[in-house]
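**Q** Pasting the sequence and the predicted model now:
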Amino acid sequence: MRGGRGRRHRRRGGGGPCPDSWPRRLDQLRPGERGVILDLEGDVVIVRRLMELGLVPGTLVEIVRTAPLGDPVELIVRGTHLSIRRSEAGQVHVDSC
């Protein structure tokens, strides 16, 4: 994390925690779908905030529902319900199960 650049990890495909799947962004999952977090990208401040909320690589996350206009998105992370902006969900890459 240098010079205002976003944080970026390598993405895995197929061989990750959920075999036979392809990495997607969290905002692309539909209600009821689950995924394991692979990486986070974007502004360092936002990535840090998401990680403080428990959205760290290797964590299982489930989409509960989205608001009628699509923003915010309600998630279950480690048994806790969270609501985050759709733009923030787009910065989280998951291996969908």
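**A** Yep, it's here. Predicted model only: the values in this text are computed from it and were never measured.
**Q** how close does residue 30 sit to residue 45?
**A** Separation of residue 30 from residue 45 (C-beta to C-beta, to the nearest Å): 28 Å. Just so you know, the C-beta spots here come from the backbone N, C-alpha and C atoms, and that holds for glycine as well.
**Q** Residue 78 too?
**A** From residue 78 to residue 45 the distance is 22 Å (C-beta to C-beta).
**Q** For the two, work out which one has more neighbours and name it.
**A** residue 78 (12 against 9; other C-beta atoms under 10 Å).
**Q** What pLDDT does the model give that one?
**A** At residue 78, the model reports a pLDDT of 92.
**Q** Help me confirm that it comes into contact with residue 53.
**A** No - look at residue 78 against residue 53 with C-beta atoms under 8 Å: they stay out of range, at 9.8 Å.
**Q** where do the helices sit along this structure?
**A** 44-52, 86-89 (DSSP state H).
**Q** Determine which of the ones you listed approaches residue 69 most closely.
**A** Closest to residue 69 of these is helix 86-89 (C-beta to C-beta; 9.4 Å).
**Q** Now do that closest one: which elements does it pack against?
**A** strand 73-77 (3 or more C-beta pairs under 8 Å, 6 or more residues apart in numbering; DSSP states H and E).
**Q** list the buried ones in the strand it packs on?
**A** Within strand 73-77, the residues scored as buried using 16 or more other C-beta atoms under 10 Å are 73, 75, 77.
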